[in-house]
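**Student:** Build me a model from this:
(chains A, B, C and D)
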There are 2 protein chains.
Amino acid sequence: MKRQDRRSDCPISFALETFGDTWSLLVMRDLLFTGKRTFGDFLRSEEGIATNVLAARLRALEEAGLIRAEGEGRNLRYGPTAKGLDLLPILLEMIAWSARHDARSAAPPAFVARISKDRAALMSELREQIAGAHGPPAKRSKSKK
Amino acid sequence: MKRQDRRSDCPISFALETFGDTWSLLVMRDLLFTGKRTFGDFLRSEEGIATNVLAARLRALEEAGLIRAEGEGRNLRYGPTAKGLDLLPILLEMIAWSARHDARSAAPPAFVARISKDRAALMSELREQIAGAHGPPAKRSKSKK
DNA sequence: CTGTATCCTTAGGGATACTG
DNA sequence: CAGTATCCCTAAGGATACAG
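**Tutor:** The predicted model follows:
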């Protein structure tokens, strides 16, 4: 979609056109919840994305202004922009929804509870945690996926 | 996806597999925000969905337990189930995100403001409004898309 | 009006080999 | 490790004609 052939000015439609594909939100999840920062990190995610697909996705996310690359060569690291960070509420609601409607959901109940009952504090904790994700690759922290 | 070849137990992934395609959330939007209830209503939406695609989507949404069909023949009407109604918070956050990051967003500012500042009341208003959507087809109410 | 039935096209995605 | 480069393939989506 070439940015000018939008289907409509509907905000839902815009959101879908920006990150409504198979992989974007999974990469953002890795970025926002699991502290993953490198190409290899994303590649090793449970769902198994192909290298070319991942590369394409990272490029698209960067063009959309959701992520930013820093460093170069083997030191390249990806991080969320403010715009990408703003996806947090959407992702949280998706987690809450799945926790409620999917028996197999892997979301920690305590975490899920906080989404509705302790929203503000949870959000700032997460933002802090994300900002501090600068250790060596594959840092797991006590993230929840 | 045949319900058993899930990519993972990640809640984000589950959500995407359930309604992460091009059309599902747009149909749910019509259902939850604009009071549309009939095949023709959805068909006339701004984005222009094809009849076969719409039919397939409605079937999938029904299988996923997000919508329910009532009546028969020309009197057929679709409505959200509780599970579908629960998508409301996700859609609201998507609206808020687009309002913030898309200059062309058509979301009414007053509505957007309420998403963060008057969430509870907004939600129950919407739920009421949705429950009451039983007039003749193409009822527009004072919805926002 | 509410869909089915076809046909066709294409973007998105998978597998794999390879490179600096 | 961080990607490119290919090749291939299929599910998803468009267009349109038709049916109860």
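
**Student:** Under a three-state scheme, what state does the residue nearest to residue A:121 when sequence neighbours are not counted occupy?
**Tutor:** Nearest in space to residue A:121, with sequence neighbours left out and distances taken as CB to CB, 6 or more residues apart in numbering or on different chains, is residue A:114 at 7.5 Å. For every residue, glycine as well, the C-beta is placed using N, CA and C. Classification of residue A:114 using DSSP: H, G, I helix; E, B strand; the rest coil returns helix.

**Student:** And residue A:114, how far from residue B:128?
**Tutor:** In this structure, residue A:114 and residue B:128 are 28 Å apart, going by CB to CB, to the nearest Å.

**Student:** In terms of neighbours, single out the busier of the two.
**Tutor:** A direct count of neighbours by other CB atoms under 10 Å in any protein chain shown for residue A:114 and residue B:128 places residue A:114 higher, at 17 against 9.

**Student:** Per-residue pLDDT of that one, please?
**Tutor:** On pLDDT, residue A:114 comes in at 98.

**Student:** What strand or helix carries the residue nearest in space to the middle of chain A?
**Tutor:** For chain A, the residue nearest the mean C-alpha position is residue A:28 (1.5 Å; CA atoms, centre = their mean). Using DSSP states H and E, residue A:28 sits within helix A:24-33.

**Student:** List the contacts of that helix.
**Tutor:** If you take CB atoms under 8 Å, 6 or more residues apart in numbering or on different chains as the criterion, helix A:24-33 is touched by A:18-19, A:36-37, A:41-42, A:45, A:47, A:49, A:54, A:57-58, A:60-61, A:66-67, A:78-80, A:84-85, A:87-88, A:91, A:94, A:126, A:130, A:143-145, B:10, B:12-13, B:16, B:20.

**Student:** Please, where are all the strands along chain A?
**Tutor:** For chain A, applying DSSP state E gives strands covering A:67-70, A:77-80.

**Student:** list the contacts for the closest residue to DNA strand C within chain A?
**Tutor:** Closest residue of chain A to DNA strand C, CB to the nearest atom of the strand: residue A:22 (2.7 Å). Counting by CB under 8 Å, 6+ apart, residue A:22 touches B:16, B:20.

**Student:** and residue A:124, how many neighbours does it have?
**Tutor:** 10.

**Student:** so residue A:112 sits right up against residue A:96, yeah?
**Tutor:** Yes: look at residue A:112 against residue A:96 with CB atoms under 8 Å: they come within range, at 5.9 Å.

**Student:** Look at these two and report which has more neighbours.
**Tutor:** Shown here are residue A:112 and residue A:96; by other CB under 10 Å, residue A:96 has more neighbours (23 against 20).

**Student:** surely the more buried one meets residue B:88?
**Tutor:** No: with contacts counted by CB under 8 Å, residue A:96 stays clear of residue B:88, the gap being 11.4 Å.

**Student:** thinking again about what came up before, and the strands of chain A as JSON lines, adding mean pLDDT and mean neighbour count?
**Tutor:** Below are the strands of chain A laid out as JSON lines (pLDDT from 0 to 100; neighbours: other CB atoms under 10 Å in any protein chain shown):
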{"stretch": "strand A:67-70", "mean pLDDT": "95", "mean neighbour count": "15"}
{"stretch": "strand A:77-80", "mean pLDDT": "97", "mean neighbour count": "19"}
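
**Student:** and residue B:107, which of those is closest to it?
**Tutor:** Nearest of these to residue B:107, taken as CB to CB: strand A:77-80 at 23.0 Å.

**Student:** so what does the closest one touch, helix or strand wise?
**Tutor:** Contact partners of strand A:77-80 among helices and strands, from 3 or more CB pairs under 8 Å, 6 or more residues apart in numbering or on different chains; DSSP states H and E: helix A:24-33, strand A:67-70.
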